[in-house]
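Visitor: sequence first, predicted coordinates after that:
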Amino acid sequence: MEKNLTDSSTYIIELKNVTKIYDDVTVIDKMNLNIKKGEFVTLLGPSGCGKSTTLRMIAGFETPTSGDILLNQKDITSMPPYQRPVNTVFQHYALFPNLNVYDNVAFGLRNKKIPVVKLDKEGKQILQIDKARVKDLKKQINRIKKDKLLSEEDKEQRLTILNEKLDKALSTPVPAYKYKHLSETEIDEKVVKALSIVDLDELEERDINTLSGGQQQRVAIARAIICEPQILLLDEPLGALDLKMRKDMQLELKEMHKRLGITFIYVTHDQEEALTMSDSIVVMNDGVIQQIGTPEEIYNEPKNAFVADFIGSSNIYNATVIAKKKVRFLNHIFDCVDDFEVNERVEVVVRPEDIRLSNEARPDYVQGKMVSKVFKGIHYQYVIMIGHDEVLAQSIKDYPVDQPIYIGIEPDGIHLMHKSDNTNIYTDSYIGKDHCVYIDDKPFSCDLSKLIPNSQVDEDGIVTFDKKQYDFKDADVVATIAPESFLISDDTSDAEVIGEVISSVYKGDHYIILVRSKEDEDFFVATPYTFNPGDIVGLKVDKDKIGLRLKGSIEDYEI
Amino acid sequence: MVKKIFAYSYVYLILAILYLPVLYLIVFSFTDATFLGQWQNFSFELYSQLFANKEIMTALGNTLILACISAFVSTVIGTLGAIGVYYCKKGIKRLTEGLNQIPVVNAEIVIAMSLTVMFVFLGQNFFGNNSLFSFWTLLIGHCCLAIPFVYLNVKPKLQQMDPALYEAAMDLGASPTKALHKVIIPQILPGIFSGLLLSFTLSLDDFIVTAFTRGPGLLSGQAQIETLSTLVQAKIKKGAVPPEMRALTTIIFLIVLAIVVIYSIRVNMKKNNRGRRKELKNASR
């Protein structure tokens, strides 16, 4: 998708720098997304990742705090939902209980108005100033003016363009239209067709409350596609169905997408559903797009540990490239396909189905110990310990538990990823009067002598080096903390920072956890213990483990 | 067995205490004795007198006109208010709900007094020392009384509704106004209807607020508006209750009885229908 960025005419919808902030919480952060005409795109991510908010902004139920949404290159950011050529299938269907199946489906058509050219008595077109366009432009101008995240220059530039457009719209009359409703026969024809598409031909007169979940689902789809929208939005529409029905509906939706040729934007947290149905998947976490790609790309070549962890089950390890196409992890050197720089610290992903198991030692196989076995129907799922690292494997063969086992990985089963830098760097920290470093306005006791190599510090916080004394009170510094330096605990009573767990990725023998404080500062923490998203945890750091670097000149602090 | 008899007789005793006076009233509306408790002979005399009594007929007319208008106005304001508050942010929602509770539990005399004080104050300071008291002040008084009750009747219906319905309607091309009257209003109609009935009856038999806020107008012309409750009160002050009132109250009771019976029959019919549909649905599975 990113390859033909220059050719924007194939995109039906474009999100440009879209940010949404609710009550000071950033739900979507500077999102850029282009969706091609006719594609089946899935927004995938854990709950609270902003996927539903994105969908609601496309539908028009939410307005972005900043940024633009373009439909066919036209700005629709401030257009109300009832004017957008976009329809939604809601999570709980939201069918109108006061109307029967037929009237529910016909609802959209009855609101639809067809433009007809206005003619005067002599049959000539009447020219008028386009009031709708003027209104729309005024709305856009208002929106840009209110946007607090836009830089002043951008604001001015865009306002000038919009004002020019407004002047033009006010001075040039265009052919006028009047609008008329569809006739009941036209409506009837379309309703019958839509109901036959979803196989509900005989239920026209039925009351909504008498339908089963699956039937209601079909009515919701018929109701949404009848207006021939340019984009169909589906907000976890299969969530309320049972497993078997869900599988059937997945295939049926996919089939429907092919037949109708409408762009589908589908929101789900179910990775399997996303892999089955989509042309391309947008993986989101924490309001940010992690990766965009085809299901195969997302599964086989995840861009980072989050994607690898979220899509399917996987083994993720820290590793080092030790020679060309050779990578070391699990205390062993494996051949791999990805060509990364030698000595680079990387992360590797190995899918459980790519792990070969053997009872006896073989060349290039690593010895481990079988810890557990679970029968999964088609295959067994095993957990093997190699040193401190856990390996998840699958096999149709039955191996005994508590026995030595040998594992091997084919080169194309190993996928390398550039290591996401999880070092915590806080560029807006400062030293307080109490000789603590303030990160996120929270005091952390620290070792001030780290600001100058080989210096000493006394108990008044005065740093001595080369017979000169320095007082770093109120100095701006950059603080760095390695993820391993944090002590994380459920007990928040003596914590230096209290925050909420946002995400957690398992890496063989430890988790990398993202903790966010109330003040919206992020902390990456490495821990061997499990924490779940939403847990409230306390963090502490040993004062020796905080790295400090002074911003500005050291002479300013000499005394 | 004995326990059962006791239990039943207790219930019947309570019902008797509630309904005997009404029965007594109905029986005595069919005699032309002037004094209460006397039975002279069976006649419809009181009924013909009732319709000939101009004073009572004016009061009845006033009462009905006032009840209809105030019920309509309070229902519109209360319903729109409930919908508005329902889609508000949490803080505002809680505040409005709290404020709405106070008039409900407040003593009527407080509402009546405060309205009177306000009208007098406004009249003296902003309307050139004229008296504001008229049909309009009376209407405002009755609306103040009824709006919180309409709100309380509509709110539960909104809470039962799927909040996504409004968005679904807009998504399908309905403007906010259209979405309101095509989707939201039909959903909460039972609540609106019971709110309307309640505000009608509240207005019908209100005395305190009426006595404080009324002025000249309606069928009473230049004189103070007389409603049934104020008329009875005025009559009692001078002497006995006019015998025609027995006939009138009988008629009112029978009308209310008819409404209640029709309403509960309709509700029961709906329930039965739903039950039958469920059976059908289960059978079709």
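Guide: Yep, it's here. Residues are numbered from 1 along each chain as shown, chains lettered A, B, ... in the order given.

Visitor: what sits against the residue in the stretch 401-550 of chain A that chain B sits nearest to?
Guide: Residue of the stretch 401-550 of chain A nearest chain B, by CB to the nearest CB: A:Lys518 (19.2 Å). For the C-beta atoms, the positions are set from N, CA and C on the backbone; glycine is no exception. By CB atoms under 8 Å, 6 or more residues apart in numbering or on different chains, the contact list for A:Lys518 reads A:Ile498, A:Gly499.

Visitor: kindly recompute the last result at 6 Å.
Guide: Listed by CB atoms under 6 Å, 6 or more residues apart in numbering or on different chains, A:Lys518 has no contact partners.

Visitor: and what of the one 5 residues further on?
Guide: Going by CB under 6 Å, 6+ apart, A:Phe523 touches A:Asn424, A:Val515, A:Leu539.

Visitor: so which of the residues you listed sit within helices?
Guide: Judged by DSSP state H, the subset of the contacts of A:Phe523 located in helices is empty.

Visitor: you'd agree B:Ile147 is up against B:Val73?
Guide: No - using CB atoms under 6 Å as the test, B:Ile147 is too far from B:Val73 to be in contact (8.7 Å).

Visitor: residues near A:Leu95, how many?
Guide: A:Leu95: 24 surrounding residues under other CB atoms under 10 Å in any protein chain shown.

Visitor: if we can go back for a sec, neighbour count winner among B:Ile147 and B:Val73?
Guide: A count of neighbours by other CB under 10 Å puts B:Ile147 above the other of B:Ile147 and B:Val73, at 24 against 18.

Visitor: got the residues of the stretch 151-285 of chain B near chain A?
Guide: Near chain A, the residues belonging to the stretch 151-285 of chain B are B:162, B:164-165, B:167-168, B:170-175, B:183, B:186, B:277, B:281 when assessed by CB under 6 Å from any CB of the partner chain.

Visitor: per-domain residue ranges of chain A.
Guide: Annotated domains of chain A cover A:115-180, A:309-418, A:424-557 [automatic domain parsing].

Visitor: switch the contacts of A:Phe523 over to TSV; also include pLDDT and distance to B:Gly215.
Guide: Formatted as TSV, the contacts of A:Phe523 follow (pLDDT from 0 to 100; distance: CB to CB, whole Å):
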residue	pLDDT	distance to B:Gly215
A:Asn424	83	75
A:Val515	88	69
A:Leu539	88	71
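
Visitor: can you pull out the helices in chain B?
Guide: All helices of chain B, identified by DSSP H, fall at B:2-28, B:45-52, B:54-86, B:90-105, B:108-126, B:135-160, B:164-171, B:176-179, B:185-204, B:208-213, B:228-238, B:244-284.

Visitor: gap between the residue lying closest to B:Val150 once chain neighbours are set aside and chain A?
Guide: Excluding the flanking residues, the one nearest B:Val150 by CB to CB, 6 or more residues apart in numbering or on different chains is B:Gly78, at 2.7 Å. For B:Gly78, the distance to chain A (CB to the nearest CB, to the nearest Å) stands at 21 Å.

Visitor: cool, and B:Asn53?
Guide: Distance of B:Asn53 to chain A, computed by CB to the nearest CB: 46 Å.

Visitor: from what I can see that residue touches B:Pro242, true?
Guide: No - applying CB under 6 Å, one finds B:Asn53 not in contact with B:Pro242, separated by 7.5 Å.

Visitor: quick one, which of these two is more surrounded?
Guide: Under the neighbour definition other CB under 10 Å, B:Asn53 and B:Pro242 were set side by side, and B:Pro242 has more, 20 against 17.

Visitor: report the central residue of the chain.
Guide: Chain wasn't specified; assuming chain A. By CA atoms, centre = their mean, chain A has its centre lying nearest to A:Met284, at 1.2 Å.

Visitor: you answered for a different chain; I wanted chain B.
Guide: Taking CA atoms, centre = their mean, chain B has its central residue at B:Thr201, 2.3 Å away.

Visitor: point me to the residue of the stretch 1-150 of chain B nearest chain A.
Guide: Relative to chain A, the nearest point of the stretch 1-150 of chain B is B:Lys89 (9.4 Å; CB to the nearest CB).

Visitor: quick one on the thing from earlier: could you dump the helices of chain B into CSV with mean pLDDT added?
Guide: Shown next, in CSV, are these (pLDDT from 0 to 100):
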stretch, mean pLDDT
helix B:2-28, 88
helix B:45-52, 84
helix B:54-86, 92
helix B:90-105, 87
helix B:108-126, 91
helix B:135-160, 93
helix B:164-171, 92
helix B:176-179, 91
helix B:185-204, 91
helix B:208-213, 92
helix B:228-238, 87
helix B:244-284, 75
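
Visitor: may I see these arranged in CSV, with distance to A:Glu360 as well?
Guide: Conversion of these to CSV gives the following (distance: least, CB to CB, whole Å):
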stretch, distance to A:Glu360
helix B:2-28, 83
helix B:45-52, 110
helix B:54-86, 70
helix B:90-105, 65
helix B:108-126, 92
helix B:135-160, 67
helix B:164-171, 60
helix B:176-179, 71
helix B:185-204, 70
helix B:208-213, 96
helix B:228-238, 102
helix B:244-284, 60
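
Visitor: to A:Ala495, which of those lies closest?
Guide: helix B:90-105 (29.5 Å; CB to CB).

Visitor: gap between the closest one and the chain center?
Guide: How far helix B:90-105 lies from its chain's middle: 22 Å, per CA atoms, centre = their mean, to the nearest Å.

Visitor: show me the strands in the stretch 1-150 of chain A, by range?
Guide: Ranges of strands in the stretch 1-150 of chain A, per DSSP state E, counting those that start in this stretch, are A:11-22, A:25-36, A:40-44, A:66-71, A:74-75, A:86-89, A:113-117, A:127-128.

Visitor: direction included, what does the last one pair against?
Guide: According to DSSP bridges, strand A:127-128 forms sheet pairs with strand A:174-175 (antiparallel).

Visitor: re the thing from before, distance to B:Gly37 added to the domains of chain A, as a markdown table?
Guide: What follows is the domains of chain A, written out as a markdown table (distance: least, CB to CB, whole Å):
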| stretch | distance to B:Gly37 |
| --- | --- |
| domain A:115-180 | 73 |
| domain A:309-418 | 86 |
| domain A:424-557 | 75 |
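
Visitor: of these, which is nearest A:Gly45?
Guide: Relative to A:Gly45, the nearest member of those by CB to CB is domain A:309-418, separated by 7.4 Å.

Visitor: what pLDDT, on average, does that closest one get?
Guide: When pLDDT is averaged along domain A:309-418, the result is 89.

Visitor: of the contacts of A:Phe523, keep whichever come out buried.
Guide: Neighbour counting with 16 or more other CB atoms under 10 Å in any protein chain shown marks A:Asn424, A:Val515, A:Leu539 as buried within the contacts of A:Phe523.

Visitor: mean neighbour count added to the strands of the stretch 1-150 of chain A, as JSON lines?
Guide: Output for the strands of the stretch 1-150 of chain A, formatted as JSON lines (neighbours: other CB atoms under 10 Å in any protein chain shown):
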{"stretch": "strand A:11-22", "mean neighbour count": "19"}
{"stretch": "strand A:25-36", "mean neighbour count": "18"}
{"stretch": "strand A:40-44", "mean neighbour count": "26"}
{"stretch": "strand A:66-71", "mean neighbour count": "20"}
{"stretch": "strand A:74-75", "mean neighbour count": "14"}
{"stretch": "strand A:86-89", "mean neighbour count": "27"}
{"stretch": "strand A:113-117", "mean neighbour count": "11"}
{"stretch": "strand A:127-128", "mean neighbour count": "12"}
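
Visitor: dump these to a markdown table, plus mean pLDDT.
Guide: Below are those laid out as a markdown table (pLDDT from 0 to 100):
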| stretch | mean pLDDT |
| --- | --- |
| strand A:11-22 | 91 |
| strand A:25-36 | 90 |
| strand A:40-44 | 94 |
| strand A:66-71 | 91 |
| strand A:74-75 | 88 |
| strand A:86-89 | 93 |
| strand A:113-117 | 83 |
| strand A:127-128 | 83 |
